[in-house]
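Student: Fold the following for me, if possible:
(chains A and B)
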Amino acid sequence: AQKVTQAQTEISVVEKEDVTLDCVYETRDTTYYLFWYKQPPSGELVFLIRRNSFDEQNEISGRYSWNFQKSTSSFNFTITASQVVDSAVYFCAHTDSGTYKYIFGTGTRLKVLA
Amino acid sequence: KAGVTQTPRYLIKTRGQQVTLSCSPISGHRSVSWYQQTPGQGLQFLFEYFSETQRNKGNFPGRFSGRQFSNSRSEMNVSTLELGDSALYLCASSLGQVGSETQYFGPGTRLLVL
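Tutor: I've put the predicted structure just below:
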């Protein structure tokens, strides 16, 4: 069965610190997709990144970077030089190619203190 | 392009009443999914529609139902409301098959059942 684990419930960092959010997934499929979303206090889930199971290249977008490792079934998210505006709940999600739903982790609440 | 819109944004109902929530997907998107978010259960999949057909349904009682219209707009209905139905209901749209397409979420409808 599909499962996504975000073991970190809440993380607090001081502005400008680097922070890594962990995501571990379980699947039996060889073709699957992984996602990260950000949920600010307003409630809307904002799409950050999608990664296909056959593409293990790491990705960097500005201060954000993602490390996808199939060997450990992990898809971790790092924010470099965190800012107060990064404060939000971050969700990791997984879906298989043959299904029509996302399975979300429980989310990690990130607090960036000024 | 306009994003996913949901109406109403906030709703207060009493137990036993019914409620209908509406979702307009991004133009050109044919798949619409619904999720329920609560502090205790996190983000849970309700159902997904594509071309007016429900393709997948989550583990929710029959009081939760939905439909999709020919213009891809979708509604979900909850009958005989219970206190536990208080939640943020999120709608997401994607171009086609959810597994291979990124879902984009609306701002949600916050439902409070008294």
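
Student: hey, where'd the strands end up in the chain?
Tutor: Just going to use chain A. Listed in chain order, the strands found in chain A under DSSP state E are A:3-5, A:10-14, A:19-21, A:24-26, A:32-39, A:46-52, A:59-61, A:64-69, A:74-79, A:88-96, A:103-104, A:108-113.

Student: my bad, the chain I had in mind was chain B
Tutor: Secondary structure of chain B (DSSP E): strands at B:5-7, B:10-13, B:19-24, B:31-38, B:42-50, B:53-57, B:64-68, B:74-78, B:87-94, B:104-105, B:109-113.

Student: Go through these and name the closest to A:Gly105.
Tutor: Closest to A:Gly105 of the strands of chain B is strand B:42-50 (C-beta to C-beta; 7.9 Å). C-beta: built from backbone N, CA, C; applies to glycine.

Student: Quick check: buried residues in that closest one?
Tutor: Residues of strand B:42-50 classed as buried: B:Leu43, B:Gln44, B:Phe45, B:Leu46, B:Phe47, B:Glu48, B:Tyr49, B:Phe50 (neighbour count, 16 or more other C-beta atoms under 10 Å in any protein chain shown).

Student: Reformat the residues you listed as a markdown table; add pLDDT and distance to chain A.
Tutor: Formatted as a markdown table, the entries for these read as follows, by pLDDT from 0 to 100; distance: C-beta to the nearest C-beta, whole Å:
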| residue | pLDDT | distance to chain A |
| --- | --- | --- |
| B:Leu43 | 94 | 4 |
| B:Gln44 | 94 | 8 |
| B:Phe45 | 93 | 4 |
| B:Leu46 | 95 | 9 |
| B:Phe47 | 92 | 9 |
| B:Glu48 | 92 | 4 |
| B:Tyr49 | 93 | 9 |
| B:Phe50 | 92 | 7 |
